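Visitor: fold the stuff below for me.
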Amino acid sequence: MRAVASDSNRASRRSLPPPGTELGERYRLARLIAAGGMGAVFEATDLTRGRPVALKILHPELTTDRDVRRRFRRESSVLVALSHPNVVRVLDIGTDGDWVYSVMELLEGETLADHLGGRALTPDALRPLLDGMAAGLTAAHAHGVIHGDLKPANVFLRSDEAGAARVKLLDFGLSKVLGLERLTRTGELIGTPSYMAPELLTGKGELDERIDTYALGVILYEALTGERAFSGKVPGKLMMDVVMGNARPLREVAPGVSAEVEAVVARAMDRHREARFESAEALAAAFRAAAGA
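Guide: Purely as a prediction, here's the structure:
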């Protein structure tokens, strides 16, 4: 989480507090790490404990929405109580004037998106990463939290660990506490359509943990083939492909992958919620069996 923010984030910098700003009389911002649809993440210093942290600030234009502000704090409070080695640790939440923020552990390494970089992994190389992702999701689901925006950019691979312990799931800021509606902005779902379950795009049916197992299946497809399952440049067509399940068969893209592994990924990505794995743990177990572990 020490990557320098890209040029695409420059517009966000104008409305965000500058480095050196102190929030809550405790956290001093050092530099912008990344910015997204809901907020921006800074490297900061916890002045009380004298340690570096990652601090996520809700975008200023959203802080005037009391409902969004309440949900951000409520969901962050749930995550403060969630302590698991495969989920980024939320250390604190707070407000300072118009700023609403959460404080997380600062990690060293790279995202799964950067790690893949358009290349494919073997099932053996992918297995421990899947185990880590599944373990983190299982812990979150047990706390009633659905991630809702799982994608390679939200999977962090720590450089100081190996195997399943290397994985940390990021950005539960878009998560859904069971019983609450998803956070929205200007009437639109916030998320990445390429990894979103069909029911998220259609708004039909109750949302449950299987939206995360679906996204996990899409991540597996990409990791095994080096290509996105859904990559259309026209938003409408892209979303229709997701809703209809129009991904190329995995083995058509990556012939070296076994039929057994392909079947596991296809089930995880099924457009019908009832046909998918009921849990991330069940998906990981099926993948291990199919990969011959």
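Visitor: using the record's assignment, carve this structure into domains.
Guide: Per automatic domain parsing, the structural domains of the chain span 7-105, 109-290.
Visitor: okay if I get these as CSV plus mean neighbour count?
Guide: All C-beta spots, glycine's among them, are computed from the backbone N, C-alpha and C. Listed next are these as CSV, based on neighbours: other C-beta atoms under 10 Å:
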stretch, mean neighbour count
domain 7-105, 17
domain 109-290, 18
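Visitor: list the helices and strands the longest helix along the chain packs on?
Guide: Using DSSP state H, we find that the single longest helix of the chain is helix 123-142. Helices and strands touching helix 123-142, by 3 or more C-beta pairs under 8 Å, 6 or more residues apart in numbering; DSSP states H and E, are strand 155-158, strand 167-169, helix 210-225, helix 280-290.
Visitor: as CSV, the ones you listed with mean pLDDT and distance to R69 would be great.
Guide: Formatted as CSV, the helices and strands packed on helix 123-142 follow (pLDDT from 0 to 100; distance: least, C-beta to C-beta, whole Å):
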stretch, mean pLDDT, distance to R69
strand 155-158, 96, 26
strand 167-169, 96, 24
helix 210-225, 97, 24
helix 280-290, 98, 30
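Visitor: closest one to R26 among those?
Guide: Among the helices and strands packed on helix 123-142, strand 167-169 comes nearest to R26, with 23.5 Å by C-beta to C-beta.
Visitor: just checking, what packs against the closest one?
Guide: Contact partners of strand 167-169 among helices and strands, from 3+ C-beta pairs under 8 Å, 6+ apart: helix 123-142, strand 155-158.
Visitor: can you put the ones you listed in a markdown table and add distance to T64?
Guide: Converted to a markdown table, those look like this (distance: least, C-beta to C-beta, whole Å):
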| stretch | distance to T64 |
| --- | --- |
| helix 123-142 | 29 |
| strand 155-158 | 31 |
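Visitor: these: which one's closest to P193?
Guide: strand 155-158 (17.8 Å).
Visitor: so what strands line up beside that closest one?
Guide: strand 109-111 (antiparallel), strand 167-169 (antiparallel) (DSSP bridges).
Visitor: neighbouring contacts of it?
Guide: Where contact means C-beta atoms under 8 Å, 6 or more residues apart in numbering, the residues beyond strand 155-158 that reach it are 1, 88, 107-113, 115, 129, 133, 165-170, 219.
Visitor: hang on, the earlier thing: closest one to A280 among the helices and strands packed on strand 167-169?
Guide: helix 123-142 (4.0 Å).
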